[in-house]
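1. 3D, please:
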Amino acid sequence: MYISTIDFKHNYNKLYRDDFTTIRGKSWFYRLKEKQKIIITMNKEFFCHAEVQAKTIFKIANIGFEILKADAAYPGFRIRNRQDFIDLINSFRKSWMPQANLYSQVTVIYLHKIHDLSYQKEKLALKQPKHMKQTSLLEQMEEVLK
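-> Residues are numbered from 1 along each chain as shown. Below you'll find the predicted structure:
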């Protein structure tokens, strides 16, 4: 079954670019499909809509360090080395889950932000979960631009 939402726990710098990546566990490769329209949330609050452009599986050791830095940076936090990135990934994992290491496989998801303010969620069969704040897309975009 394909998911329709990706949640971010931090206000990552990358979220303010039109094209960005997210690096997730290997199983995410099977949870999304290319060209799929999704909802991006930050701490379960609506942030924007995006389209999955591509997805690939890599070992952490084979991902360029600059990509890791760009993927994980948020205000007050910077990646200094690969271990910082691995520690960040492990901080999101449940205690019973295997911990990531340099040779762990992860999914790199390439996303493109959808800016079209006439965009209709219903046309794309995306339903915003009831627990999310219900505001118009225009209001949400204005809030992001403040």
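2. Strands of this structure, start to end?
-> Assigned by DSSP state E, the strands in the chain fall at 5-8, 19-25, 37-42, 45-59, 105-114.
3. What residues of the second one count as buried?
-> Meaning strand 19-25. By neighbour count on 16 or more other C-beta atoms under 10 Å, the buried set for strand 19-25 is 20-25. (Each C-beta comes from the backbone N, C-alpha and C, glycine too.)
4. These into TSV, with extra columns for distance to residue 37 and pLDDT?
-> Shown next, in TSV, are those (distance: C-beta to C-beta, whole Å; pLDDT from 0 to 100):
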residue	distance to residue 37	pLDDT
20	16	95
21	17	95
22	15	96
23	21	96
24	18	93
25	22	91
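5. Can you give me the neighbour number for residue 67?
-> A total of 14 residues lie near residue 67 under the criterion other C-beta atoms under 10 Å.
6. which residues sit in contact with it?
-> 21, 108 (C-beta atoms under 8 Å, 6 or more residues apart in numbering).
7. Next, find the distance separating it from residue 14.
-> From residue 67 over to residue 14 the distance is 10 Å, taken as C-beta to C-beta, to the nearest Å.
8. pull the helix or strand with minimum mean pLDDT from the protein.
-> One helix or strand of the chain scores below all others by mean pLDDT, DSSP states H and E: helix 137-145, with a mean of 54.
9. hang on, the earlier thing: is it possible to export the strands of the chain to a markdown table including distance to residue 71?
-> What follows is the strands of the chain, written out as a markdown table (distance: least, C-beta to C-beta, whole Å):
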| stretch | distance to residue 71 |
| --- | --- |
| strand 5-8 | 11 |
| strand 19-25 | 5 |
| strand 37-42 | 14 |
| strand 45-59 | 12 |
| strand 105-114 | 8 |
